[in-house]
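[1] After the sequence you'll find the predicted model.
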Amino acid sequence: MTDLGRRARAAARVLGLADADTKSRALKAAAAAIRAASPAILNANAQDLARARADGMSAAFLDRLALDEKRVEAIAAGVDMVAGLPDPVGAVTERWTRPNGLAIERVRTPLGVIGVIYESRPNVTADAAALCVRAGNAVILRGGSDSLLSSGAIHAAFVAGLAEAGLPADAVQFVPFADRAAVGAMLAGLGGNIDVIVPRGGKGLVGRVQREARVPVFAHLDGIVHVYVDAAADLAMAKTVLLNAKMRRTGICGAAETLLVDRAVAGEMLAPLVKMLLDAGCEVRGEDAALAVDPRVVPAKPEDWDTEYEDAIISVKVVEGIDAAITHIETHGSHHTDSIITADEAAAAKFLAEVDSAIVMHNASTQFADGGEFGFGAEIGIATGRMHARGPVGAEQLTTFKYRVHGAGQTRP
């Protein structure tokens, strides 16, 4: 592991100086290599699947792990898409001139070496590698033991593309064994050779990374996401947005987990919203007002307000106006994504200003909390911390900056 870190650091220096066209060519070559290696990737995946079935893994787990020709093509297409993204490295974000004539500019630079620790989705191998290369970073990938062969086959194809374009294969390293001690070594920073850790996986993995990492972490632990229906909400819009926010995909981090309804409109809006969710197959857990709406509603427990269900379950609460809604979100939320439904622009402005989440929305489904939907092309994850990257972490967020100062012989008095 220490050797992987040293080699990644050396490769990062080369990759960080590569021009945009070279990185684009390397990514396109990597995508082509993945397509060409499809039989080998599918063969490796078949072995991973056989082992997972023998271990009694769930159908949902097997679906996340499974690859077919269509999914391999989607992986390659994703790398092609990242190849077409604007290169963030070298972009001047600000420029000014001081009274003494010094010209100062702030310019984007790579972070260096990124460690990505993920679980059973082999597609993350290519997604993470492509975004890191686009931003000029070397990356060390530690995939889940259940997808070791699949991820290894994708990695082999990806680095063949890098080499074809003249970039160092060491820019994308892959931990080729399942020893859990490798995770601990990465969290310790590999002797100063890892600059940032990005975990992709369940709460157990992310929690361990956040507790033990000795380098900065880009991640979110929980996605306790709220939709607040304000006194000035349009019922038809509220129904449409809420149903999508909860039920489009219930297992993603942007899925709504709690519905808050202003008491001023609960008499007319609570019943239609709750019945819509129930009729869509969603379990509703609520307090007295919601329980009175429909006998199918389940009494909410105190822990429901702090739970990310990742399932067709939602907690429902009537609140005494927007201030109470904001207080509830700040008390029970996870600073991921929260949305207000209202026609009152002043209420919307208050909500967007006072809710301290990475993503705040007005009249929109929380399922738009995604780097692709933001126009980033792709993302390596969602970050809810307050330092550096926050929200969807795409290629631009995988850079830092430095200041370039241009003078004409000035000295400081």
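    Thanks, I have it. Nothing here was measured: the structure is a model prediction, and the numbers come from that model.

[2] Helix or strand: which one has I329?
    helix 322-332 (DSSP states H and E).

[3] and if you look at T109?
    Per DSSP H and E: strand 103-110 holds T109.

[4] And the contacts of the helix or strand bottoming out on mean pLDDT in the chain?
    Among the helices and strands of the chain, helix 59-65 carries the lowest confidence by mean pLDDT, DSSP states H and E, at a mean of 87. Applying CB atoms under 8 Å, 6 or more residues apart in numbering, the contact partners of helix 59-65 are N45, D48, L49, A52, R53, M57, S120, R121, P122, D146, S147, S150. Using the backbone N, CA and C atoms, a C-beta is placed for each residue, glycine as well.

[5] Would you mind measuring from the nearest residue to the fifth one once chain neighbours are set aside to T366?
    The shortest distance from R53 to any non-neighbouring residue, by CB to CB, 6 or more residues apart in numbering, is to L62 (6.9 Å). Separation of L62 from T366 (CB to CB, to the nearest Å): 28 Å.

[6] do the same with F174
    34 Å.

[7] Show me which of the two is the more surrounded one.
    Applying other CB atoms under 10 Å to F174 and T366 shows that T366 carries more neighbours, namely 28 against 20.

[8] returning to that earlier point: list the buried ones in the least confident helix or strand of the chain?
    Within helix 59-65, the residues that qualify as buried are F61, R64, L65, counting by 16 or more other CB atoms under 10 Å.

[9] of all those, which comes closest to T327?
    Each of these was scored against T327 by CB to CB, and R64 proved nearest at 36.7 Å.

[10] now the helix or strand that the strand holding T109 is followed by, how far from the centre of its chain.
    The helix or strand immediately downstream of strand 103-110 is strand 113-118, counting by DSSP H and E. Offset of strand 113-118 from its chain centre (CA atoms, centre = their mean, to the nearest Å): 13 Å.

[11] for strand 113-118, packing partners?
    Secondary-structure packing of strand 113-118 (3 or more CB pairs under 8 Å, 6 or more residues apart in numbering; DSSP states H and E): helix 2-15, helix 123-134, strand 138-142, helix 181-187, strand 196-200.

[12] Serialize these to TSV and add fields for mean pLDDT.
    TSV is the format used below for the helices and strands packed on strand 113-118 (pLDDT from 0 to 100):
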stretch	mean pLDDT
helix 2-15	96
helix 123-134	95
strand 138-142	97
helix 181-187	94
strand 196-200	92
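
[13] Make CSV out of these and add mean neighbour count.
    As requested, the helices and strands packed on strand 113-118 are arranged in CSV below (neighbours: other CB atoms under 10 Å):
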stretch, mean neighbour count
helix 2-15, 19
helix 123-134, 27
strand 138-142, 28
helix 181-187, 18
strand 196-200, 24
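
[14] any chance of these in CSV, with distance to I34 too?
    What follows is those, written out as CSV (distance: least, CB to CB, whole Å):
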stretch, distance to I34
helix 2-15, 19
helix 123-134, 6
strand 138-142, 15
helix 181-187, 24
strand 196-200, 19
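
[15] Those: which one's closest to I314?
    Per CB to CB, nearest to I314 of the helices and strands packed on strand 113-118: strand 196-200, 25.1 Å.

[16] First-to-last residue distance for stretch 55-74?
    28 Å (CA to CA, to the nearest Å).

[17] Give the buried residues for the helix or strand R211 falls within.
    Secondary structure from DSSP H and E places R211 in helix 203-212. Across helix 203-212, burial judged by 16+ other CB under 10 Å covers L205, V206, R208, V209, Q210.

[18] Which segments of the protein make up each domain?
    Following automatic domain parsing, the chain resolves into domains at 2-218+393-405, 225-368.

[19] Figure out which of those is closest to E379.
    domain 2-218+393-405 (5.1 Å).

[20] coming back round to it: looking at the buried residues of helix 203-212, which one is closest to V318?
    Nearest member of those to V318, counting by CB to CB, is V206, at 32.2 Å.

[21] shaky segments in the stretch 101-250 of the chain?
    Nowhere does the stretch 101-250 of the chain drop to pLDDT under 70.

[22] re earlier: may I see the buried residues of the strand holding T109?
    Neighbour-count burial for strand 103-110, with 16+ other CB under 10 Å as criterion, is recorded at E105, V107, R108, T109, P110.

[23] Just checking the distance from the helix holding I329 to the centre of its chain.
    On CA atoms, centre = their mean, the centre of helix 322-332 falls 24 Å from that of its chain.

[24] just stretch 28-39 next, same as before
    Remark: stretch 28-39 is offset 25 Å from the chain centroid, using CA atoms, centre = their mean.

[25] outside of that stretch, which residues touch it?
    With CB under 8 Å, 6+ apart as the contact definition, stretch 28-39 has outside contacts at 41, 69, 72-73, 75-77, 79-80, 83, 126, 129-130, 133, 153-154, 156-162, 164-165.

[26] Give me the buried positions along it.
    Of the residues in stretch 28-39, those buried by neighbour count under the rule 16+ other CB under 10 Å are K28, A29, A30, A31, A32, A33, I34, R35, A37, S38.

[27] So the fifth one: helix, strand or coil?
    For A32, the secondary-structure state derived from DSSP: H, G, I helix; E, B strand; the rest coil is helix.

[28] distance of it from A26?
    For A32 relative to A26 (CB to CB), the value is 11 Å.

[29] re the thing from before, now the element after the helix holding I329, going C-ward?
    Immediately after helix 322-332, counting by DSSP H and E, sits strand 337-341.

[30] Which other helices and strands does that next one contact?
    Counting by 3+ CB pairs under 8 Å, 6+ apart, the packing neighbours recorded for strand 337-341 are strand 225-229, helix 235-247, helix 322-332, helix 345-354, strand 359-362.

[31] just so I know, which of these lies nearest A266?
    When these are compared by CB to CB, strand 225-229 sits nearest A266, at 8.8 Å.

[32] just checking, what packs against that closest one?
    helix 235-247, strand 256-262, helix 263-279, helix 322-332, strand 337-341.

[33] Give me whichever of these is most buried.
    Mean neighbours per residue, mean count of other CB atoms under 10 Å, is largest over those for strand 337-341, with a mean of 30.
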